[in-house]
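J.: make a model of this:
(chains A and B)
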Amino acid sequence: MTAETISAPRHRPFRRPLFRRRSAIPGFGLTLGVTLTILSLIVLIPLSAVAIKASALSPSEFVAAAFSERAVAAYRLTFGAAFVAAVINGVFGVLTTWALVRYEFPGKAVVNALVDLPFALPTAVAGIALATLYAPNGWVGQYLTPLGIKAAYNPIGVTIALIFIGLPFVVRTLEPVMRDLSADVEEAAASLGAGRFDTILRVILPALGPAWLTGFALAFARGVGEYGSVIFIAGNMPYKSEIAPLLIIIQLEQFEYANAAAIALVMLAVSFLMLLIINAVQAWARRFS
Amino acid sequence: MTISIRSVEKKFGRYPALNSVDLEIADGELVALLGPSGSGKTTLLRTIAGLEFPDAGQVLFEGQDVTFASAAARRVGFVFQQYALFKHMTVARNIAFGLDVRKGRDKPSKAEIKTRVEDLLKLVELEGLGGRYPSQLSGGQRQRVALSRALAVQPSVLLLDEPFGALDATVRKSLRKELRRVHDATGVTTIFVTHDQEEALELADRVAILNAGRIEQIGTPHEVHDHPATPFVCGFVGEANRFEGTVSGGRFTAGPVVLPAPGAADGPAIAFVRPHDLVLDAAGFAAKVDRVVIQGPLANVDARLPDGRRIEVCAARDDAASFTGEVTLSARRTHVFAA
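T.: Next up is the predicted model:
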């Protein structure tokens, strides 16, 4: 029998990769490539089209289109209502999540599904339903009218629609984090003499902070972009209850494409800036983990 | 602080976790609750802490009934198995927490809190780490933070649930000494739960051995090891060879094995022999040596009886050479219990 020699597989000489540290987890090149491609096709190129379209305007035309009195009023309403709605969702989202995570009660599965409904419902349906409810002669509106509260066809109506749209974002972001909070930590606080209130304020809420900010940011971003539900309940009065996305549609219908793009560009810039700030705050809130 | 547990019972659903447990703990004692998992040791500790409340029975601190008092009202310091540190607070803020949440006149001044935190960091040898977050510490350091956080409120009792469970062997050993040192320095009555008998025997003044929700025996490490009260304790604490057989006329017989059983009543019985109580003896029973493992000054011998059962012998290293092939053994000491 002849002696067989098994030679070791030949390797290419090892080289340090140019841009990244060597990692045992494969797929960096592939995943980053796919990510960048999708982001370009779906997000980056369409958005740059907005900028290109708007660049057809001269600087003075751009300012006239993007910062007209009507447009500024629309921005104020859009961002203001989205912010207020996100804050309200931030408060009630925590309570809703608390109830869903901490307690067992009959009909919990139904409540759980109800929270997700705004995700699935066509927004126009939501808008029409909310408008019907909160209109001065609607089920809820008729009780608000004698109190002097008008809850539809004005900025309050816009906010109500945005609260509806944003709630699941806060609840679903907080839920896993709250579920993971161990009972240990609360027991530790209690054994150290902290009352329920102190435990919630000093131990539980700070631990939820980063997730809460994420939920807040998502609800806010969704609110800024929301169109379908809002236009049914807003009343759409220029300078009063007209949101920026509607203003863009109006410009498009009048074939003022460049003006529409100018308004869109401002919204884009403000949204991007705000999300960037929220991300920075989040990074700061996560400094301890 | 003396602690009395009187006929405490606790069920989880239909599963009894504590079954009429009685326990007296003297002021300044360091007591270990030792038992296998599911024996009720953690439930007992949590009942003493006020994190769990018994279905029946009483818990007394210094003669006062605290059965249904909260953990805070009992002024216990509790160290959790996974430490339960507040991740979003620095080490110093963690330790100060118990003082920070005090209200009105009870709340120490900022300067007092700062001094107390510094003292505690010094006590557990973590000086200079007050500004770190728990995620920036090693397991052993987190354990020390948890310990000093519990001590910050000057608890009447210090309770620790598997305090060294999540640590590697070397850190475990040094922290064991550390806990003993902290206990001696503060003099606070301390109870800890463990499933590690070595830990319990080395560290505690007294050890309570639990099994199936009952206390099988409580005594000094020496007592529970050398004078086990029940077959369970004998099998659980220390190494032991177990034989099932019969006693007649002061002799225990199980197949080829014959052991002295002075004073034991005639009838079926269970006998335990510690590996180090087996010695070479020409008049003894036969066994065949399989393997000898040298461990420091000791020689651990794996042998087999003629009927195939295994038996462990522990001898001095210098005698290792005598353990080859067929040997005859006898027991210097046995623990015999009626079956």
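J.: kindly provide the distance from the residue sitting nearest the centre point of chain A to chain B.
T.: Centroid check for chain A by Cα atoms, centre = their mean gives A:L218 as the closest residue, at 1.8 Å. Distance, A:L218 to chain B, using Cβ to the nearest Cβ, to the nearest Å: 22 Å. Where C-beta positions appear, they are placed from N, C-alpha and C, glycine not excepted.
J.: what residues of the helix or strand containing that residue count as buried?
T.: Per DSSP states H and E: A:L218 is located in helix A:205-225. The neighbour-count check on helix A:205-225 (16 or more other Cβ atoms under 10 Å in any protein chain shown) flags A:206-224 as buried.
J.: what is the subsequent helix or strand relative to it?
T.: helix A:230-234.
J.: picking up where we left off before, my guess is the residue nearest to the centre of chain A contacts A:P168, does it?
T.: No: counting by Cβ atoms under 8 Å, A:L218 does not reach A:P168; the two are 9.3 Å apart.
J.: what residues does chain B put near chain A?
T.: Counting by Cβ under 8 Å from any Cβ of the partner chain, chain B comes close to chain A at B:49-51, B:70-72, B:76-78, B:80-82, B:84-89, B:97-98, B:100-102, B:133-135, B:149-150, B:152-153.
J.: wasn't A:T159 part of a helix?
T.: Yes: counting by DSSP: H, G, I helix; E, B strand; the rest coil, A:T159 falls inside a helix.
J.: what pLDDT does it get?
T.: pLDDT for A:T159: 93.
J.: that one and A:V84, how far apart?
T.: 5 Å (Cβ to Cβ, to the nearest Å).
J.: higher neighbour count, the two?
T.: A:T159 (23 against 18; other Cβ atoms under 10 Å in any protein chain shown).
J.: what's the closest non-adjacent residue to that one?
T.: A:A81 (4.6 Å; Cβ to Cβ, 6 or more residues apart in numbering or on different chains).
J.: tell me where the stretch 101-250 of chain A has helices.
T.: Using DSSP state H, counting those that start in this stretch, the helices of the stretch 101-250 of chain A run over A:108-120, A:123-134, A:141-144, A:155-180, A:183-191, A:196-198, A:205-225, A:230-234, A:244-253.
J.: dump the residue contacts of B:R74.
T.: B:R74 makes contact with B:A49, B:G50, B:F61, B:V66, B:S156, B:V157, according to Cβ atoms under 8 Å, 6 or more residues apart in numbering or on different chains.
J.: and of the residues you listed, the nearest to chain A?
T.: B:A49 (6.5 Å; Cβ to the nearest Cβ).
J.: which residues touch that closest one?
T.: A:S191, B:A71, B:R74, B:V76, B:F78, B:L159.
J.: does stretch A:205-216 reach chain B?
T.: Yes: residues of stretch A:205-216 are located near chain B by Cβ under 8 Å from any Cβ, namely A:P206, A:A207, A:G209.
J.: deepest of the helices of the stretch 101-250 of chain A, which one?
T.: Among these, ranked by average contacts under mean count of other Cβ atoms under 10 Å in any protein chain shown, first place goes to helix A:230-234 (a mean of 26).
J.: hmm, who's touching that helix?
T.: Contacts for helix A:230-234 (Cβ under 8 Å, 6+ apart): A:124, A:127-128, A:130-131, A:134, A:152-154, A:157-158, A:160-162, A:241-243, A:245-246.
J.: that one: how far from the chain's middle?
T.: 19 Å (Cα atoms, centre = their mean, to the nearest Å).
J.: could you pull up the mean pLDDT of that helix?
T.: Mean predicted confidence for helix A:230-234 is 89.
J.: same question for stretch B:316-336.
T.: 90.
J.: now it: buried residues?
T.: B:A320, B:F323, B:V327, B:L329, B:S330, B:A331, B:T334, B:H335, B:V336.
J.: hmm, A:L252 is touching A:A260, no?
T.: Yes: using Cβ under 8 Å, A:L252 is in contact with A:A260, at 4.9 Å.
J.: residue ranges with poor pLDDT in the stretch 151-289 of chain A?
T.: Scanning the stretch 151-289 of chain A for pLDDT under 70 picks out A:288-289.
J.: what about B:V289, which SS state?
T.: strand.
J.: I should have written B:E239 there, sorry.
T.: Going by three-state DSSP: B:E239 is coil.
J.: mind checking pLDDT for it?
T.: On the pLDDT scale, B:E239 gets 88.
J.: please apply the same query to A:A49.
T.: pLDDT, read off for A:A49, is 89.
J.: quick one: average confidence on stretch B:217-232?
T.: Mean predicted confidence for stretch B:217-232 is 93.
J.: also stretch B:155-168?
T.: Here the average pLDDT along stretch B:155-168 is 88.
J.: buried ones in it?
T.: B:P155, B:S156, B:V157, B:L158, B:L159, B:L160, B:D161, B:E162, B:P163, B:F164, B:L167.
J.: interface residues of chain A facing chain B?
T.: Residues of chain A lying near chain B (Cβ under 8 Å from any Cβ): A:182, A:184-185, A:187-195, A:198, A:202-203, A:206-207, A:209, A:287-289.
J.: most proximal residue of the stretch 1-150 of chain A with respect to chain B?
T.: A:E104 (15.2 Å).
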